[in-house]
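Asks: Dropping the sequence and predicted coords here.
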Amino acid sequence: MSIKNQDFVTFENVQKTYDGKELVVKNLNLNIYRGEFLTMLGPSGSGKTTCLMMLAGFENSTNGEIKLNGNLINNIPPYKRNIGMVFQNYALFPHMSVAENLAFPLEVRKIEKADRDKKITRALEMVKMEQFKNRMPAQLSGGQQQRVALARSLVFEPDLVLMDEPLGALDKQLREQMQYEIKHLHEELEITVVYVTHDQSEALTMSDRVAVFNDGVIQQLASPNELYEKPTNSFVAQFIGENNKFDGKVISIDGEIVTVEVNGNEFKALAVNSGDIGEKTTISIRPERVRIDDSLENVADAEVVELIYLGDHIRCRLSVEKNSKFIVKIPNSINNYILKRGDKKKISWNAADCRALDYEL
Amino acid sequence: MLFRSVENQIVSRTLPGTIEELSKWDDDSVLPSEQVYYQLAKDLKIAVENKTHTRLGSRLNYEMSGIASTFRKTGRSVKKWDIDQQINYKEKFLNIDKKWGNIEFWRLLKLYSPKVTSGYFLNAVDLIKTTEGISQRDETERIYLFLFQRTIYMSVLITLLCLLMGYPVAYLISRLPMKSANLLLIFVLLPFWTSLLVRTSAWKVLLQQEGVINDILVFVGLVGDLDRLQLINNQFGTIVAMTHILLPFMILPLYSVMKTIPESYVKAAKSLGANEWTSFRRVYFPQSIPGVGAGCILVFILSIGYYITPEIVGGTSGTFISNRIAYHISYSLNWGLGAALASILLVAVLILYYVYDKIIGIDNVKLG
Ligand SMILES: Nc1ncnc2c1ncn2[C@@H]1O[C@H](COP(=O)(O)OP(=O)(O)O)[C@@H](O)[C@H]1O
Ligand SMILES: [Mg+2]
C-alpha cells in the first residue's frame, strides 16, 4: 500500500475544552495523509476520543481549524461530512435487521433499491456476514456485531473512516483476528482510517503511523518501528514496549553524545531530548539491547533478582544502580547463559541504543 | 360492584307474597286479581313497619316516574289498616292512588320481580327496558353514551397533549448531566407534594373570568373587558387542568426509557448521513416507543377514570363519566346504575388495553 503523502485531514492549532477551564486537547497539529492508517494511541483520558469527535463533527473545537480535503469543516454538520464511524459499543440500531442497518446510510442518500441491495451484499461479503442479513443485532455475537458495524461504516463508501476503540469489547483472540481483517479491508479499499486505541500492540500491528497522545498533547507521531526504536521523550519510551530507565544528570556534551552521571557511574547516551550540562535527564534502554557481559560501551554492575522462563526467551529482572526493575531478555539458544537468582554480573550496552530523554518525575 | 350492577332483590324481598301471586297473573290486559291486592296489603304492612317501602318506591321510580310518591302515600294509609281477608283491597288501593289501577304499573312490577336485572346496564347505555321490550330512551334523556364518548375523546386529547409536552421535557432531562437532571426531575415531581385539590383550585384562580389570565388578556387589550373568555367550567378547563396534573405520569416513564438509549445511536445515525430530523424519526423515536406506550397507557387510564378535577373545573360540558358514577353513588343513591356504569368503564379500559397489546405489544412497555 502506498502512502500518497498528500494531506487529507489537517488539524491546525486545535484546542478543546469542555468546561471552559481545562484544555482537554492542547494545541493539536496533525496531518493525516490520504489512504493512511493512522492510530491515535494513548492512555484513557488523554483526549483521543475528543479529537475523533471533533473530526466527526460531534464536538466543536474551541480554537483552531480542522480541514478535510483542503476544506474547512468546523461548521459542517456531521451528517454532511461523509465520514464513516465505528463506535466502541457498535451502535447498531436494535430495531433494524442487519440489512436494514446497512440500508440506512444508503436510504438517506436516496440510492435506488437495486443499487442499494448490491452495495449491502458487497459490504456484508467483505466482512463475511452475508448469511446473517436478516438477523436482528441482538441475535448476533459481539464479534459479529462488530463486523456488521464495520460493514455499515463502509457501505456508503466514505473516504474517511473513524474507529473509536472498536475492538475494546472483544476477547483477545477475536481481537487479533479482527485487527488483521480491518487492516486488510483498509488496504483493499484504499480508504483513510483514523483509529483510536489505548492498546499499544494493536497500534503497532495495524498502523502506518501512530500518534501517541498524553494529556491532550501528541507526544510523538511516527511509524511503529520508529516509535519503538527512537522514542523522542520519556513518556513514549515508557508507554511503547518495555523500557529500562535511569534518572541522572548531564555532565558533558560531545556532539550527538552526552555523558550522564547516575549515582556516581557515568554512561554515554544519545542526546535526543536532554538539556544542558547540569540538568536532570532520564536515559532509556530497551531490554533486548543489553548484554550480560562487559563487551559494550556502557558497563554496570547487576544482581539477578528474578528469572521468568517464557519459552522463546528468559525474562530476567536485575537490580542495577538502585533500579530493581531493570529487565533483560535473554534469548533461549544453545549457548545460553545459565543464571541463578543472586548472581552478580556485569551488564553492558551501546551508547547508540541508549537515549537521553527529558527528565520525568 | 359487578353484582350491584345487576342485583335487583328489592322487589322480591319487599313484596314476596305479591310477587308470588303476581306470577299467576298471565292475562295482562286486565288488572291482577283481588288476591294480588290482598298480598300487596300484607306485604306493604310489613314493609311500612320496616320502612322499606320508600326504598322500593324510589327504585321503581327509576323506571316509571311518580311511583315513589305513590308508595309514600299508600304507605301512610296502609299503616292504619288491619289486614283482613274479607275486605276488598283492590278498591281500597285504587281509592288511595289511581296508579294502583294502572296495568302498565303492574306489568313493570312483574318485569322487575326477578332477582337479577339487566335494567341498570341498559340504562347505562341509554336504553330502557319497558314492558314492550328494549328500546332507546327519549332523545332528551340520552346522556350516558354521550358521556362515555366525551370521556374517551377528552382522555385521548389529554393523553396526546401530555405526550406532546412531556416528550421534549423527558428528552431534555435524559440528555442533561446527572446533577441538573436530578434537579429538573424534582421539579417534575414537585406537584405531587401539593394536594391535588390545591393544584386544581389553582387553575380555577388562573382561568376564571375574573382570573389572572383573563385579567392579563384584558390588560394587554386582546380581549374586551365585557367579553372575557370562558376558560373554565367547560371542556377547555378540564383539558388544561388535567393535562397539567397528569403530565408527570407521562414524563416519568418516558424519561426512564430515554435514559437507557445511548447517545451513540443518534451519533451513529448522523455519521451515516441522516440529518437531525431523520435520525430522530428513524433511530431515536422507535427506541423511545416503549416509554411512549407506557406513558400513554398510564395517562389514558388515569384520565378516563378521573373524578376530582373535572368535578371542580369541568362545569357541565367538561365532566366525565366518573362524575356521573360518583353522583349515582353518593347523591341519587342509584348504586345499581353507578355500578353498571363503572363496570362498563372497566370493560372499556380492558378492551383498549387488549387492543394496545395487539398493536404495540405489552412487552414493549417499560416503566423503568
Ligand atoms: N462530554 C464531555 N464533557 C466533559 N468532559 C469530557 C467530555 N468528554 C470527555 N471529557 C473529558 O476530556 C478528557 C479526555 O477525554 P477523552 O477524549 O474521552 O479521552 P480518551 O478517549 O483518550 O480516553 C477526559 O478528562 C474526560 O473526562
Ligand atoms: Mg475514548
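Replies: Yep, that arrived. Ligands and ions are numbered 1, 2, ... in the order given.
Asks: Report whether stretch B:160-176 contacts ligand 1.
Replies: No: Stretch B:160-176 lies apart from ligand 1 when judged by C-beta under 6 Å from any ligand atom; the minimum separation is 11.4 Å. Where C-beta positions appear, they are placed from N, C-alpha and C, glycine not excepted.
Asks: For ligand 1, what is the nearest residue in the stretch 251-361 of chain A?
Replies: Relative to ligand 1, the nearest point of the stretch 251-361 of chain A is A:Glu360 (19.8 Å; C-beta to the nearest ligand atom).
Asks: wait, doesn't B:Ser317 sit right on B:Phe236?
Replies: No: B:Ser317 lies out of contact with B:Phe236 (C-beta atoms under 8 Å); the separation is 9.0 Å.
Asks: Next, see if the longest helix along chain B gets close to chain A.
Replies: Ranked by residue count, the top helix of chain B under DSSP state H comes out as helix B:144-175. No: interface with chain A: helix B:144-175 contributes nothing (C-beta under 8 Å from any C-beta of the partner chain), its closest point being 13.3 Å away.
Asks: Which residues belonging to that helix are considered buried?
Replies: B:144, B:147-148, B:150-152, B:154-155, B:157-159, B:161-163, B:166-167, B:169-171, B:173-174 (16 or more other C-beta atoms under 10 Å in any protein chain shown).
Asks: and what of stretch A:216-224?
Replies: A:216-222, A:224.
Asks: Filter those down to just the ones in strands.
Replies: A:217-222 (DSSP state E).
Asks: Which of those sits closest to chain B?
Replies: Looking at those and their distance to chain B, the nearest is A:Ile218, at 23.8 Å (C-beta to the nearest C-beta).
Asks: follow-up on the earlier one: gap between the closest residue to the residue of the stretch 251-361 of chain A closest to ligand 1 other than its chain neighbours and A:Gly47?
Replies: Nearest residue to A:Glu360, sequence neighbours excluded (C-beta to C-beta, 6 or more residues apart in numbering or on different chains): A:Ser234, at 4.2 Å. Distance from A:Ser234 to A:Gly47, counting by C-beta to C-beta, to the nearest Å: 19 Å.
Asks: sorry, back to before: more neighbours, B:Ser317 and B:Phe236?
Replies: B:Phe236 (18 against 13; other C-beta atoms under 10 Å in any protein chain shown).
Asks: residues contacting A:Ser319?
Replies: A:Ser319 is in contact with A:302-303, A:305, A:326, counting by C-beta atoms under 8 Å, 6 or more residues apart in numbering or on different chains.
Asks: If any of the residues you listed are buried, give me the ChimeraX selection for them.
Replies: Of those, the buried ones can be selected in ChimeraX as follows, counting by 16+ other C-beta under 10 Å:
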select /A:302,326
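Asks: Go through the contacts of A:Ser319 and say which is closest to A:Gln238.
Replies: Distances from A:Gln238 to the contacts of A:Ser319, taken as C-beta to C-beta, are shortest for A:Phe326 (14.0 Å).
Asks: wait, that closest one sits on A:Arg315?
Replies: No: between A:Phe326 and A:Arg315 there is no contact under C-beta under 8 Å: 11.5 Å.
Asks: Need the CA coordinates for the helix or strand hosting A:Val210. CSV is fine.
Replies: According to DSSP states H and E, A:Val210 maps onto strand A:209-214. Extracted C-alpha coordinates of strand A:209-214, given in CSV (Å, rounded to 0.1, in the frame of the first residue of the first chain):
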residue,chain,number,x,y,z
ARG,A,209,1.7,5.9,11.6
VAL,A,210,0.9,6.3,15.3
ALA,A,211,0.2,9.5,17.2
VAL,A,212,1.0,9.0,20.8
PHE,A,213,-1.3,11.1,23.0
ASN,A,214,-0.8,12.1,26.5
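Asks: avg pLDDT for that strand?
Replies: Throughout strand A:209-214, pLDDT has a mean value of 95.
Asks: Report all helices and strands that that strand contacts.
Replies: strand A:37-41, strand A:217-222, helix A:224-229, helix A:234-239 (3 or more C-beta pairs under 8 Å, 6 or more residues apart in numbering or on different chains; DSSP states H and E).
Asks: hmm, try it at 6 Å
Replies: With contacts defined as 3 or more C-beta pairs under 6 Å, 6 or more residues apart in numbering or on different chains; DSSP states H and E, the packing partners of strand A:209-214 are strand A:37-41, strand A:217-222.
Asks: follow-up on the earlier one: in three-state terms, label the residue of the stretch 251-361 of chain A closest to ligand 1 for me.
Replies: coil (DSSP: H, G, I helix; E, B strand; the rest coil).
Asks: for A:Ile330, same thing?
Replies: Going by three-state DSSP: A:Ile330 is strand.
Asks: Excluding sequence neighbours, find me the nearest residue to residue 136.
Replies: In the absence of a named chain, chain A is used. A:Ser97 (5.6 Å).
Asks: my bad, the chain I had in mind was chain B
Replies: Distance criterion C-beta to C-beta, 6+ apart; nearest residue to B:Gln136, sequence neighbours excluded, is B:Leu127 at 6.0 Å.
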